[in-house]
Each structure stands twice: as structure tokens, then as C-alpha cells.
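**Student:** Compute the structure for the input listed below.
(chains A and B)
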Amino acid sequence: MGKTIAEKVLGAHSGSDCSAGDITVASVDFCMAQDGTSTMMMRELEALGFETPGTRRGMALVIDHSSPSPSANVSRIHERIRSFARSKGIRLHDIGEGVCHQVIPESGKVLPGDLVVGADSHTCTYGALNACSTGLGSADVAAATFTGKLWFRVPESHRIELRGAFSPFVSAKDLILDVIGKVGADGATYKSIEYVGDGLRSLSMDGRMTVANMAVEMGAKFCPFPCDQMTCDWFSSRGLVSGPGVASDPDAEYEKSMAFDLSDIVPKVAVSHKVDNVRDVSDLRGTKVHQVFVGTCTNGRLSDLESVAKVMRGRRVKEGVRMIVAPASKEVLLEAMDAGLIRGLLRSGAVVMPPGCGPCVGTHAGIPADGENVVSTANRNFRGRMGNNMDVNIFLVSPETAAASAVMGEITDPREV
Amino acid sequence: MAHILKGNAHRFEPNDDINTDYIISGRYKFKIDEMADLAKHVMEDIDPGFAARVSPGDLIVAGRNFGCGSSREQAPRALKAAGVSAVLAKSYARIFYRSSFNVGLPLLQCDTDWISAGDGLVIDLTHGEVTCPARAVKVTTAPIPRIMCVLLEDGGLVEHLKKHGGFAFD
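**Tutor:** Got it, this is the predicted structure:
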């Protein structure tokens, strides 16, 4: 019987033959944590007598969730993180460098076929780079950092075949919202999801990161994409050698298979307060919008800002609407500046924040007022998620739909602007 | 690790997909890093009175996909600090499942539709049984995986590693 990507990666990292359902102890290539999870992880590492990371390519700490610091207390936490990183020789990505799940791929620390764990649930994003990568609690990440290894249950895999190409103004976010709406918030719990098919050609590396990022919103553990020409080109454009990566065997066993024709997908929205509460954007036409947020580890990349600019060209943010944009990294911000996108956004009436998580997690900026409706390119729409009180509605959409909604002041299908 | 747990059941609305933001809001995870203080805000967004009402040993009862969302380990730690001795649910999200055993909070998987808020329950971890003596109901739970039993016995993942110098599940 052939092997899935998850079975091969866990097998290669544990030096044994791995099949779904097995428990194995595997070597971990790289670990990460962010400012919301580091405090606990540092305590756990100190309790273990930690000196230096046992993982092959070390670890990174990223200050992105509440950054720059909004209070003396957060500043104390940040200072503790900085001093820990300095004393243990850990790479620190400080304020303004960007969202962890953009900064770490840019840093070249994750390569195809890697096994990576992070103290952030969206660590599954690196699946876009053909890694088996997953979010865990601080104790598990501390254990992996300390010993260089971690125990894993080898997951069963689901296979999603993509065919065709996206229609204009439809993108990766619409695909993943469509998938989550069909699979459900717990429909892939503990599974590894593999995307295959000729539709992959329509998914840029940015788009693959959007799709892999939200795998956890249906409970998945890994979301390894194939390592194809696009992957190799992405690495070589960054001066890195990707290697061949890991491919699944043609006769690998999948617990479930689904297929999506990209040309059938229309703009989608996840309606508050559940990520799997997915509808067509056109069903919500006319819903008033108070704040629009473009950014995050899901949709704050260069191609996302380009999509926003394309919809907004020559138009302005509707009076009474606040539009906040947080580029996913300093590199993204600089590229967007070179392309004139930031000037265009500012001229259109948007507010541009420093690279980081922005208002996504409600810890430092852009907190909506009671009773407001927020259209966001983030990945979670739970009640209270953005630091607000309970009666705020968060609608998750693509960058194209966010831009169209900012211009019209109500939830709008970008094909109709 | 106690093998018999006794406590009163607490239920919430929603019953399914109770995420870690609801267990402990992101608003607090930066403000407070002492668990006893964090415990005062546990479940606040879906049940503001819970932290004042919960007694040591009490049990959280829920439907499907308990603990989905963020990886914050503050969620199981804050529940434990609030005095919760175990959670009973139909299913759990993956990260929360591992983290809870890592910090010594047992999670039990079983049918929970029959349990009402306020029911006095007795949990036998060794035999995998939940009983409600007042109503003479007994339900079997899914067996706790062996690794999770080892972690509970050792007092969590950090203690396990300190004790054995590495992973010792065989």
C-alpha cells in the first residue's frame, strides 16, 4: 500500500515505517511561538532546564499579536520574550516584522518535507510549502524545542481534488470558505488534508498559504500541498534550494475524497459567529458595514493587497466606513510600497497599520464598537474575537469582497462593483 | 491523580463548537498571566456568572468539538485553576485535547445529551464510567488513550519529561 505525505514525513522523521493510526516519536525540524503563547512556553522550558533548541533548524519567537505594545503589562511580556531569545540564541522577530506565518516562511526556516510545530493554531499555514506543520499548546512546543522530538499520532488523510481555474474576482479565500462550509468546523478533526489536481496551477503560493492557514478551522492537523514547479520557483526566487519535497504515492489510502471545480466557486462569506456558517456573498447583499479589515496570516500578502487595489482603483472607501489594512510583513509592505499600492490605499481612504496581526485578535488596535458589523479577511469570526463586546458581527471574506464592501458600505459581491 | 472525580455539571449555550476564545478571551491572555486571576474570567463570554458559580471539582459538559480554535494553553489551565476537575463532551478539537492532558486536566468522551446542568456526577477514570446517582444513570466513556493516562499519572507533560528525561510511553 502506498503512503500519504503525512505518513512519509512522519516516517522519515522517526526512522520507521508509519501508517495512519500509529503513534510515533519524530524529530522536529523547527518550532515557533508568538507573544500570546511564549510566556507559558518559556516557563515550561525553564522548568525543564532548557539551554538551547534541540530542533534541526532551531526556533523563532515572533512578537506580532499585540504589537507594538499597547500597555505596560504587554511591554513587560515582550521584554521577557526579548531577553529569553537573547539568552538562548533564539531568532526573535520583533515588532513590525510581521505576522508569524508570513515572517517564518520568508525566513527560509521551513523547507519542503519538513516537520514543524508552533504554539499558534495557524501553524498549519506552512503546509503550502509541502511541510507537515501543525499548531500545538505551549507545553508540546516546549517539549519539541527541548528534546528536538515530539510524539505524534499519524493522521488519516483526506484528498481534495481541484479542477479548472477561478473566475475573475474569485480567489483562494472563497475556495477555502467553500470547503469549510461543506466539511464543517469539526469535519476534518485530526486529519491531514492534501490538495491535488490541475486546479493547483490557479493557486499561487500566497493562495496556497491562505488555504493551508484555514485547515485548522475544520479541525485538521496538517495540510501539505505538493512540492511542484511553483513551490521550487518560490524557494529559488528567495535564494533557497527547496529540494524535491515529499509526494504521496498514487496508491496511497485516503479516508475521504472530495472534488471542487474552481470555475464553479463564487464569492463566499463566513457569517458570524461560526467559521463553517458559509453563504454566498450575494445572499448578504445590502448588509451594512462599519469596519473593513484587510490583513492577517490568512490574507495580508502581496497578492491580497494587489487584489484589493484592483477592486478599489479610482474608488474611495464609503463615508462612514473605516478600512484598516495591515500588511502581513515588512517585506510585503515594502513590495506594496514599490508597486504604489500603499499610496493608492491611503488615497482611497484606508488606514495602514504596521505589519503584524492587526485587529484580528482584539488585543491592541481596531476594536469595533458595540453593534457594529465588521468585514474581515481574517480566519475567525467568534463572538468577542476582535476584543469587542458580544453584539459585534464579524463576516469573513476574500480581499476582493472586503474591498468591494469598503467601497459600497455594505456587503458586496466584488463582481458587481 | 485521583481516579474517582465527583462534581456538579455545568452546561452552556452554545453546546457545540465551544472555542478557546469562549473558554478564555484573547482580551485577557495578555493582561493576566497568573492562572488564578485568569480563572475569574473563564467562560465569561458565553456565561458571565460561571466563574463565581463554579465549585472545586465541578465538571464542564458540552456537545461536539469542545476547545476548537486558538492553541492558547491558557484555556485548559484557566479551567483547571477555576476548579474544574474534568470535561465531558461528545468530541474535542485536536490541540485542546493534547494540551488538557499536558496540563493535567482529564477530558472524557461520551454521550452527553442526557446530562442536565446541576446534575451531580461521579466519574471513574479507571473503568471509564460516568454515573449520575440521583438519576440512576451510568454511561461508558471512550477509553482514554494510554499516552494520555501516562501524562495524567505523571502530572502533565513537563513533569513527564523531567521524570523520564524524554518520552517514555512504552
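
**Student:** Find the nearest non-adjacent residue to the closest residue to chain B within the stretch 1-150 of chain A, please.
**Tutor:** The minimum distance from the stretch 1-150 of chain A to chain B, using C-beta to the nearest C-beta, falls at A:Gly137 (3.2 Å). C-betas here are computed from N, CA, C, even on glycine. Leaving out its chain neighbours, the residue that sits closest to A:Gly137 by C-beta to C-beta, 6 or more residues apart in numbering or on different chains is B:Ser99, at 3.2 Å.

**Student:** what helix or strand does that neighbour sit in?
**Tutor:** helix B:94-102 (DSSP states H and E).

**Student:** and the residue of the stretch 1-150 of chain A closest to chain B, how many neighbours does it have?
**Tutor:** Using other C-beta atoms under 10 Å in any protein chain shown, the number of residues around A:Gly137 comes to 32.

**Student:** now the one 4 residues further on
**Tutor:** Here the neighbour count serves as a burial measure; for A:Val141 (other C-beta under 10 Å) it reads 30.

**Student:** Doesn't B:Asp21 belong to a strand?
**Tutor:** No - counting by DSSP: H, G, I helix; E, B strand; the rest coil, B:Asp21 is not part of a strand but helix.

**Student:** OK, contacts around the closest residue to it other than its chain neighbours?
**Tutor:** Closest residue to B:Asp21 apart from its sequence neighbours, by C-beta to C-beta, 6+ apart: A:Phe382 at 4.7 Å. Contacts for A:Phe382 (C-beta atoms under 8 Å, 6 or more residues apart in numbering or on different chains) come out as A:273-274, A:394, B:19, B:21-22, B:69.

**Student:** quick one: buried residues of stretch A:232-250?
**Tutor:** A:232, A:234-235, A:242, A:245-248 (16 or more other C-beta atoms under 10 Å in any protein chain shown).

**Student:** ignore the last one, stretch A:252-268
**Tutor:** Going by 16+ other C-beta under 10 Å, stretch A:252-268 has these buried residues: A:252-254, A:260, A:262, A:265, A:267-268.

**Student:** Pull the most distant pair out of those.
**Tutor:** The distance between the two most remote of the buried residues of stretch A:252-268 (C-beta to C-beta) is 35.0 Å, for A:Glu253 and A:Pro267.

**Student:** Distance check, the residue of the stretch 1-150 of chain A closest to chain B against A:Thr363.
**Tutor:** Remark: distance between A:Gly137 and A:Thr363 (C-beta to C-beta, to the nearest Å) = 19 Å.

**Student:** next one: A:Gly219
**Tutor:** Following C-beta to C-beta, the distance that separates A:Gly219 from A:Thr363 is 25 Å.

**Student:** What of A:Gly356?
**Tutor:** Applying C-beta to C-beta to A:Gly356 and A:Thr363 gives a distance of 10 Å.

**Student:** who touches both of those two?
**Tutor:** Common neighbours of A:Gly356 and A:Thr363 are listed as A:His65 (criterion: C-beta under 8 Å, 6+ apart).

**Student:** The two: which has the busier surroundings?
**Tutor:** Set A:Gly356 next to A:Thr363 and count neighbours by other C-beta under 10 Å: A:Gly356 wins out with 32 against 26.

**Student:** tell me the secondary structure for that one?
**Tutor:** For A:Gly356, the assignment made with three-state DSSP gives coil.

**Student:** pretty sure it is in contact with A:Ile95, am I right?
**Tutor:** Yes - at 7.1 Å, A:Gly356 counts as touching A:Ile95 under the criterion of C-beta atoms under 8 Å.

**Student:** Could I get the full set of strands for the stretch 151-300 of chain A?
**Tutor:** Under the criterion DSSP state E, counting those that start in this stretch, strands of the stretch 151-300 of chain A are mapped to A:157-163, A:192-196, A:256-261, A:268-270, A:278-280, A:291-295.

**Student:** Mean pLDDT and distance to B:Leu79 for those - can I get that in CSV?
**Tutor:** Converted to CSV, these look like this (pLDDT from 0 to 100; distance: least, C-beta to C-beta, whole Å):
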stretch, mean pLDDT, distance to B:Leu79
strand A:157-163, 98, 31
strand A:192-196, 98, 29
strand A:256-261, 98, 32
strand A:268-270, 98, 27
strand A:278-280, 98, 30
strand A:291-295, 98, 30
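
**Student:** got those strands as CSV, with distance to B:Asp119 columns?
**Tutor:** Output for the strands of the stretch 151-300 of chain A, formatted as CSV (distance: least, C-beta to C-beta, whole Å):
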stretch, distance to B:Asp119
strand A:157-163, 37
strand A:192-196, 38
strand A:256-261, 36
strand A:268-270, 35
strand A:278-280, 35
strand A:291-295, 43
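
**Student:** Mind checking those for the one nearest to chain B?
**Tutor:** Taking C-beta to the nearest C-beta, strand A:192-196 is the member of the strands of the stretch 151-300 of chain A nearest to chain B, at 11.4 Å.

**Student:** and for the closest one, what are the contacting residues?
**Tutor:** With C-beta under 8 Å, 6+ apart, strand A:192-196 has contacts from A:4-6, A:127, A:132, A:155-162, A:203, A:208, A:211, A:215, A:220-226, A:248, A:254.

**Student:** Tell me, how many residues neighbour the residue of chain B found nearest chain A?
**Tutor:** Residue nearest to chain A within chain B: B:Ser99 (3.2 Å; C-beta to the nearest C-beta). A total of 28 residues lie near B:Ser99 under the criterion other C-beta under 10 Å.

**Student:** just A:Met390 next, same as before
**Tutor:** 11.

**Student:** same thing with A:Ile180?
**Tutor:** As a burial measure, A:Ile180 scores 26 neighbours (other C-beta under 10 Å).

**Student:** tell me how far the longest strand belonging to chain B is from the chain's mean position?
**Tutor:** Taking DSSP state E as the criterion, chain B has its longest strand at strand B:4-10. Counting by C-alpha atoms, centre = their mean, to the nearest Å, strand B:4-10 is centred 11 Å from the centre of its parent chain.

**Student:** just the strands of the stretch 151-300 of chain A: most buried one?
**Tutor:** Most buried of the strands of the stretch 151-300 of chain A, by mean neighbour count (mean count of other C-beta atoms under 10 Å in any protein chain shown): strand A:291-295, with a mean of 28.

**Student:** Give me the pLDDT for B:Ala1.
**Tutor:** Slight slip there: residue B:1 is Met, not Ala. On pLDDT, B:Met1 comes in at 63.

**Student:** For the stretch 51-200 of chain A, which residues are neighbours of chain B?
**Tutor:** A:65-66, A:71, A:73-74, A:77, A:119-121, A:123, A:135-140, A:142-143, A:146-147, A:149, A:151, A:185-186, A:189-190 (C-beta under 8 Å from any C-beta of the partner chain).
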